[in-house]
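Peer 1: when you get a sec, could you give me coordinates for this:
(2 chains)
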There are 2 protein chains.
Amino acid sequence: VFTERTPRVAAARHLTQRSGRDRAGRFLAEGAQAVREALRFGVVHEIFATAAAAERHPDLGPATVITERAAAGLSETVTPQGIVAVCDLVDVPVPVAVGSGARLVAVLVGVSDPGNAGTVVRVADAAGAGAVVFAGDTVDPHNGKCVRASTGSLFHLPIARCREVSDVLRACRSAGLRLVGADGHAAADLGTAPLAEPTAWFFGSEAHGLPDLPLDHRVRVPIYGRAESLNLATAAALCLYASATAHLT
Amino acid sequence: VFTERTPRVAAARHLTQRSGRDRAGRFLAEGAQAVREALRFGVVHEIFATAAAAERHPDLGPATVITERAAAGLSETVTPQGIVAVCDLVDVPVPVAVGSGARLVAVLVGVSDPGNAGTVVRVADAAGAGAVVFAGDTVDPHNGKCVRASTGSLFHLPIARCREVSDVLRACRSAGLRLVGADGHAAADLGTAPLAEPTAWFFGSEAHGLPDLPLDHRVRVPIYGRAESLNLATAAALCLYASATAHLT
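Peer 2: Next up, the predicted model:
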């Protein structure tokens, strides 16, 4: 049984930090669901699991058995799942992600909360989006909390990351996508956006909103009650599903 | 400056537990936004704030100044906001909540995650719902994490809680509401629900789904990609907004 001091475990622990992930070109997918999707996606180098977790998930194949404490050290979440896979990073260049005929793309701009970002990946996948782009100062998609919140969707559609938002705008335009921003302060309602067109939706953080970018449209999800705003994931769900529904009809 | 041992602060600390809240008939609304909404709603008995928080929010009126440590003891969240109001519980009986002509109601059944529950309150408010009911084994709406996730919406629309789900079903029927369940395993799509009718939407937990209840319809939000499911708040957003939109047209 490997402990947190075993070199391979200690090396894997570096992957809980962005700098360690970028250096190694690898990240950790935690939890049985994420490990299963990572295996399907063919990016797994090694699986670490506690004896209990390995016994619970024989379908995931052979795992290197580690102590509970070692498992906690490899976890970025409050409740360690006891099973984690060392995987190749999944991101692809922005033009590759958005240029493959995608008719619906989600772009996150300056979203620092990994749980929110991961939930948007999940809802983008559900809405049938062709890609998600993590732009500007957005969290790393390989962050453990983001991976977990995506519940496997990180492996279902192309993910790109790019510090330069202007490069993302250019790639989306080149791919023939309309650039539409979700903006709680916009004058126009969601329904006024050209939803049937191929669209790249831009979403900002809840704290700072969407920055001033040269988009084609900015629309707001209508608020019928007294709430000041929607949270990021629910706003993204309503925007992306509005496009998905319009694309079908 | 009051410390965590000052009797009034120690008494308020009991309100971080459900049993203490139910005994006192009071709860804690944490953070400037929640305190502001609670003041508007007229349910505040006392405000506790650190010196720094009191200085940041002079608009919230006089506060009893407490130490940082006392503020942490009154917080149910990871990052204490430094300001918290002792408030009367906000819940009303189920027939009062759903019987006042509400055309759109959200019912949570067995939802144990307070953050998810609070986010549904927020999105129900945004969608113009007339009430939210916390049914069965659902978390207490006055739980600190739920209050925080609702971002003030807990004070915007009637909130009820009821252990007996059958009582909730009866009250909704008496109020003339159609009972529609959001169920990822349902055969019928969201679009097949009679959305223009006055509707009580029933939502279960992500872990256990919606239990077997005598509802009028069960529908699923369509999944266009490869995601297995949506999370609770995004599913609720899509269902409640579908009704809200249908009610307008």
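
Peer 1: the lengthiest helix in chain A vs helix B:232-248, what angle?
Peer 2: Using DSSP state H to define each element, chain A has its longest helix at helix A:232-248. With axes from the mean of the first three to the mean of the last three C-alpha atoms, to 10 degrees defining the directions, helix A:232-248 sits at 60 degrees from helix B:232-248.

Peer 1: what segments of chain A are strands?
Peer 2: Read by DSSP state E, chain A holds these strands, from start to end of the chain: A:26-30, A:44-49, A:64-65, A:83-88, A:104-109, A:131-135, A:159-162, A:178-182, A:188-189, A:199-203, A:217-220.

Peer 1: quick check, the first one touching chain B?
Peer 2: No. Using C-beta under 8 Å from any C-beta of the partner chain, we find that strand A:26-30 stays clear of chain B, coming within 15.6 Å at best. For every residue, glycine as well, the C-beta is placed using N, CA and C.

Peer 1: what does chain A have sitting close to chain B?
Peer 2: Chain A has residues A:119, A:122-129, A:151-153, A:156-157, A:221, A:223-231, A:233-234, A:236-238, A:241, A:244 near chain B, with proximity defined as C-beta under 8 Å from any C-beta.

Peer 1: selection in PyMOL covering whichever of the residues you listed are buried, please.
Peer 2: Applying 16 or more other C-beta atoms under 10 Å in any protein chain shown to the residues of chain A next to chain B leaves a buried subset, and the PyMOL line that selects it is:
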select buried, chain A and resi 119+122+123+124+125+126+127+128+129+151+152+153+156+157+221+224+225+227+229+230+231+233+234+236+237+238+241+244
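
Peer 1: so which of the residues of chain A next to chain B belong to helices?
Peer 2: A:119, A:122-126, A:233-234, A:236-238, A:241, A:244.

Peer 1: quick one on the thing from earlier: quick one: mean pLDDT for the longest helix of chain A?
Peer 2: The average pLDDT within helix A:232-248 is 97.

Peer 1: got the angle for that helix vs strand A:199-203?
Peer 2: 170 degrees.

Peer 1: who does helix A:232-248 touch, helix- and strand-wise?
Peer 2: strand A:104-109, helix A:114-126, strand A:178-182, strand A:199-203, helix B:114-126, helix B:232-248 (3 or more C-beta pairs under 8 Å, 6 or more residues apart in numbering or on different chains; DSSP states H and E).

Peer 1: export those as CSV, with columns for distance to residue A:209.
Peer 2: Conversion of these to CSV gives the following (distance: least, C-beta to C-beta, whole Å):
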stretch, distance to residue A:209
strand A:104-109, 10
helix A:114-126, 13
strand A:178-182, 9
strand A:199-203, 10
helix B:114-126, 16
helix B:232-248, 19
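
Peer 1: re earlier: nearest to residue B:26, of the ones in helices among the residues of chain A next to chain B?
Peer 2: Residue B:26 has its nearest neighbour among these in residue A:234, at 29.8 Å by C-beta to C-beta.

Peer 1: does that closest one really touch residue B:124, like I thought?
Peer 2: No. Here residue A:234 does not reach residue B:124: they are 10.6 Å apart, not a contact under C-beta atoms under 8 Å.

Peer 1: shared neighbours of the two, anything?
Peer 2: Common contacts of residue A:234 and residue B:124 (C-beta atoms under 8 Å, 6 or more residues apart in numbering or on different chains): residue B:236.

Peer 1: follow-up on the earlier one: out of the helices and strands packed on helix A:232-248, which comes closest to residue A:16?
Peer 2: Closest of the helices and strands packed on helix A:232-248 to residue A:16 is helix A:114-126, at 12.0 Å (criterion: C-beta to C-beta).

Peer 1: so residue A:28 is in contact with residue A:14, correct?
Peer 2: No. With contacts defined as C-beta under 8 Å, residue A:28 does not count as touching residue A:14, sitting 10.0 Å away.

Peer 1: which one's more surrounded, the two?
Peer 2: Neighbour count, other C-beta atoms under 10 Å in any protein chain shown: between residue A:28 and residue A:14, residue A:28 has more, with 26 against 14.

Peer 1: who is that one paired with across the strands?
Peer 2: Bridge pairing for residue A:28 (DSSP bridges) gives the partners residue A:86.

Peer 1: where are the low-confidence patches of chain A?
Peer 2: Along chain A, the model assigns pLDDT under 70 to no residue.

Peer 1: 90 - rerun?
Peer 2: Judged by pLDDT under 90, chain A has its weakly predicted residues at A:1, A:76-81, A:99-101, A:206-207, A:248-249.

Peer 1: burial measure for residue A:26, as a count.
Peer 2: Residues within reach of residue A:26, counting by other C-beta under 10 Å, total 21.

Peer 1: that one contacts residue A:15, correct?
Peer 2: Yes. Using C-beta under 8 Å as the test, residue A:26 is close enough to residue A:15 to be in contact (5.8 Å).

Peer 1: can you list residues touching both of the two?
Peer 2: Counting by C-beta under 8 Å, 6+ apart, the residues touching both residue A:26 and residue A:15 are residue A:86.

Peer 1: verify the stated contact: residue A:220 with residue A:192.
Peer 2: No. The criterion here is C-beta under 8 Å, and residue A:220 misses it with residue A:192 at 9.8 Å.

Peer 1: show me what contacts the residue lying closest to residue A:238 once chain neighbours are set aside?
Peer 2: Spatial nearest neighbour of residue A:238, chain neighbours left out: residue A:221 (5.0 Å); criterion: C-beta to C-beta, 6 or more residues apart in numbering or on different chains. Residues in contact with residue A:221, defined by C-beta under 8 Å, 6+ apart, are A:182, A:184, A:190, A:230, A:235, A:238-239, B:126, B:241.

Peer 1: just residue A:24 next, same as before
Peer 2: Residue A:24 sits in contact with A:11, A:14-15, where contact means C-beta under 8 Å, 6+ apart.

Peer 1: so which of these belong to helices?
Peer 2: Among these, DSSP H puts residue A:11 in helices.

Peer 1: return the member of the contacts of residue A:24 nearest to chain B.
Peer 2: The shortest approach to chain B among the contacts of residue A:24 belongs to residue A:15, at 23.4 Å (C-beta to the nearest C-beta).

Peer 1: from what I see, that closest one and residue A:27 are in contact.
Peer 2: Yes. The pair residue A:15 and residue A:27 qualifies as a contact (C-beta under 8 Å) at a distance of 5.5 Å.

Peer 1: shared neighbours of these two, which are they?
Peer 2: Here residue A:15 and residue A:27 share the contacting residues A:21, A:86, scored by C-beta under 8 Å, 6+ apart.
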